[in-house]
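[1] After the sequence you'll find the predicted model.
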Amino acid sequence: MSDKDKRVVRSKRKFIAFFVVSVVLFLLSKYALGIDTSLYYKNDAAEEQSSHTSLTDVLDADSCRVTSEKEESPAAGDLFVSTGYRHEIKGVWSYDKCFPDLNDVQIKSAKKNGVSPVTSRREVARLVNSHKLVDISSSPFYTVDDLSHSMPYLVPEAQHLLNTIGLNFLDSLRMKGLRPHMLVVTSVLRTGDDVRRLRKKNGNATKNSCHCYGTTVDVSYNRFVPVDGHHKAGMAHTRWNETLKQVLSEVLRDLRDDDRCYVKYELKQGCYHLTLR
């Protein structure tokens, strides 16, 4: 056998040996990686299950419920949307003490920043046409309840304040890892006729109401509308949720501290009564 033939044979042997070793290493590595990957999946699943368990422990099962006017309250499910880092929910140390602004304080601001008290709904139309009042019935940041003793109109500055409250609330929910919810506005502008009708129904209603100036709204703290992309009248609300109430209290406290509004915590009415400052 010539030297050339010997070199060819040695080359073939080296190639075959290299191929066999490569195949063996590939099979071994695949087997090894398959074991490691399955272990990682198991660890991730365990951590995820542990995270969900801890979140459930954080939530108050009695306060986290979804309800509608006609249906019995089912469980609301997990209020949180992420298991990663989220800002702490603190609320305020006392709803009553942190939001003490009574009618005599708010009425001064209402007279300063609002329109003259309106006597009838026809007069409201005139103020809307002159752009002194704006329609607030449609907004991506809050929803307006069915109004029986008021109308959805505010002075432009008060509308801006309400939009800021709704936007800050949604942003705060996002930062805290909570599902988005819209605020529910329960009372807005009242005419003189509205006040008289309300006083017949509710003897505690004040005759000299801040709501007559277009600067004041009531925002519910025990009803919120979950945002799922399909809002319609009469849809189920999230009710009596202490976590959402705490987040809203933080938003209002910050705006009150910035001298943007006066706020009164209304225990019996289930709302924050606030006036543009």
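    Okay, I see it.
[2] Helices along this structure, start to end?
    Along the chain, counting by DSSP state H, helices occupy 3-58, 95-98, 103-113, 121-129, 156-175, 192-201, 242-257.
[3] low-confidence ranges in the stretch 51-200 of the chain?
    51-78, 82-85 (pLDDT under 70).
[4] For Pro152, which non-adjacent residue is spatially closest?
    Ser137 (4.1 Å; C-beta to C-beta, 6 or more residues apart in numbering). C-beta here means a position set from N, CA and C on the backbone, and glycine is covered the same way.
[5] Please state the backbone phi and psi of that neighbour?
    phi -70, psi -20 (degrees, to the nearest 10).
[6] Tell me, how many residues neighbour it?
    The number of residues packed near Ser137 is 13, by other C-beta atoms under 10 Å.
[7] Same check on Leu147?
    16.
[8] quick one on the thing from earlier: from what I can see the residue nearest to Pro152 touches Ser150, true?
    No: using C-beta atoms under 8 Å, Ser137 is not in contact with Ser150, being 11.5 Å away.
[9] Please save the CA atoms from stretch 213-228 in PDB.
    Output of stretch 213-228 as PDB, limited to C-alpha atoms (Å, rounded to 0.1, in the frame of the first residue of the first chain):
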ATOM      1  CA  TYR A 213     -72.400  75.400  41.000                       C
ATOM      2  CA  GLY A 214     -71.000  72.800  38.600                       C
ATOM      3  CA  THR A 215     -67.900  72.300  40.700                       C
ATOM      4  CA  THR A 216     -68.800  69.300  42.800                       C
ATOM      5  CA  VAL A 217     -69.200  65.500  42.200                       C
ATOM      6  CA  ASP A 218     -69.900  62.400  44.300                       C
ATOM      7  CA  VAL A 219     -67.600  59.500  43.500                       C
ATOM      8  CA  SER A 220     -68.500  56.000  44.900                       C
ATOM      9  CA  TYR A 221     -66.000  54.200  47.100                       C
ATOM     10  CA  ASN A 222     -68.000  50.900  47.200                       C
ATOM     11  CA  ARG A 223     -68.700  50.400  43.500                       C
ATOM     12  CA  PHE A 224     -66.200  50.200  40.600                       C
ATOM     13  CA  VAL A 225     -66.700  49.100  37.000                       C
ATOM     14  CA  PRO A 226     -64.100  46.400  35.900                       C
ATOM     15  CA  VAL A 227     -62.600  47.300  32.500                       C
ATOM     16  CA  ASP A 228     -62.700  44.400  30.100                       C
END
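[10] State the mean pLDDT of that stretch.
    Computed over stretch 213-228, the mean pLDDT rounds to 94.
[11] Renumber starting at 78 from here on
    All right, first residue 78 from here; so that's stretch 290-305.
[12] Pull out the buried residues from that stretch.
    The neighbour-count check on stretch 290-305 (16 or more other C-beta atoms under 10 Å) flags 290-303 as buried.
[13] Rebuild those as JSON lines, extending it with distance to Leu231.
    Shown next, in JSON lines, are those (distance: C-beta to C-beta, whole Å):
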{"residue": "Tyr290", "distance to Leu231": "9"}
{"residue": "Gly291", "distance to Leu231": "5"}
{"residue": "Thr292", "distance to Leu231": "7"}
{"residue": "Thr293", "distance to Leu231": "8"}
{"residue": "Val294", "distance to Leu231": "7"}
{"residue": "Asp295", "distance to Leu231": "12"}
{"residue": "Val296", "distance to Leu231": "13"}
{"residue": "Ser297", "distance to Leu231": "17"}
{"residue": "Tyr298", "distance to Leu231": "20"}
{"residue": "Asn299", "distance to Leu231": "23"}
{"residue": "Arg300", "distance to Leu231": "20"}
{"residue": "Phe301", "distance to Leu231": "21"}
{"residue": "Val302", "distance to Leu231": "20"}
{"residue": "Pro303", "distance to Leu231": "25"}
